[in-house]
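[1] Please find the sequence and the predicted model below.
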Amino acid sequence: DRLRGMRGRDVSACKERQASVCVGVDEAGRGAWAGPVCAAAVRLGWDAQVNAILVPGLKDSKLMTGAARSTLFDVLEGVTQASLEYKGTAQYVECRHALAEASFIDEYGIDAAIREAMLMSINEHFDTPSLVLSDWVTCDLESGLSSQTSFRKVKKGDQQHLVIAAASVVAKVARDRHMITVHDEYPEYGFADHKGYGTKKHREALARYGP
């Protein structure tokens, strides 16, 4: 089926690059009018139990409901914590995310911000992965990785590879939850609803309260 095919492409990519550790990365926030860009890096091991927990329902975050994304995010976060606490599962699952704030985007541009967030999510948390698979990005990510890390970007990667699909979910939910905290500080803008994207409500709030 589709999910088995996505998982199979993860395995094939690892075999092709002779990689023992494969990390998928993706971002959320490109195109938003306000707030940061968020990138996530996810490692999924090959353990059958992990597959049974994580694989069902996983797909590109844009094709999932908000509730489904949130549930899967919590599962990934929970299994990651268990991996850190109990060495027996440390080989299997880890997910991390990082933000590049709006001030960084304003100064350096969106591509530089995505690159910064992706590299932070990888380099600050993973010990030189053998292979990094990324959804298609226009920024130069490869130059910021270790010379021992192979890099491959994939068109529609979040629909082709399970590790990228998982990263897309983590990035989306992490950013959405961050924007809810921003809403608590600036409730008049309605960030909890539109998460900083260009909706009618957001446009009306900008006209009324200013940027």
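    Now that the structure is in, tell me what you want to look at.
[2] Report the secondary structure state of the closest residue to L133 other than its chain neighbours.
    With sequence-adjacent residues excluded and distances taken as CB to CB, 6 or more residues apart in numbering, L133 is closest to G24, at 4.9 Å. Just so you know, the C-beta spots here come from the backbone N, C-alpha and C atoms, and that holds for glycine as well. Following DSSP: H, G, I helix; E, B strand; the rest coil, G24 is assigned to strand.
[3] Could you do L133 as well?
    Three-state assignment for L133 (three-state DSSP): strand.
[4] how far away is it from R96?
    Separation of L133 from R96 (CB to CB, to the nearest Å) stands at 15 Å.
[5] more neighbours, those two?
    More crowded of L133 and R96, by other CB atoms under 10 Å: L133, with 29 against 21.
[6] That one bridge partners, please.
    G24, R152 (DSSP bridges).
[7] I'd guessed it sits against A13; true?
    Yes: using CB atoms under 8 Å, L133 is in contact with A13, at 6.1 Å.
[8] Spell out which residues are contacts of both of those two.
    Listed as contacting both L133 and A13 by CB atoms under 8 Å, 6 or more residues apart in numbering are 22, 152, 161.
[9] quick one: which of those residues is most hemmed in?
    Using other CB under 10 Å as the neighbour test, the shared contacts of L133 and A13 are led by H161, with 28 neighbours.
[10] All the strands of the protein, in order from the start?
    Remark: strands assigned in the chain by DSSP state E are 22-28, 37-44, 93-100, 131-135, 150-154.
[11] Who does the second one pair with, and is each partner parallel or antiparallel?
    Under the criterion DSSP bridges, strand 37-44 sits next to strand 22-28 (antiparallel), strand 93-100 (antiparallel) in its sheet.
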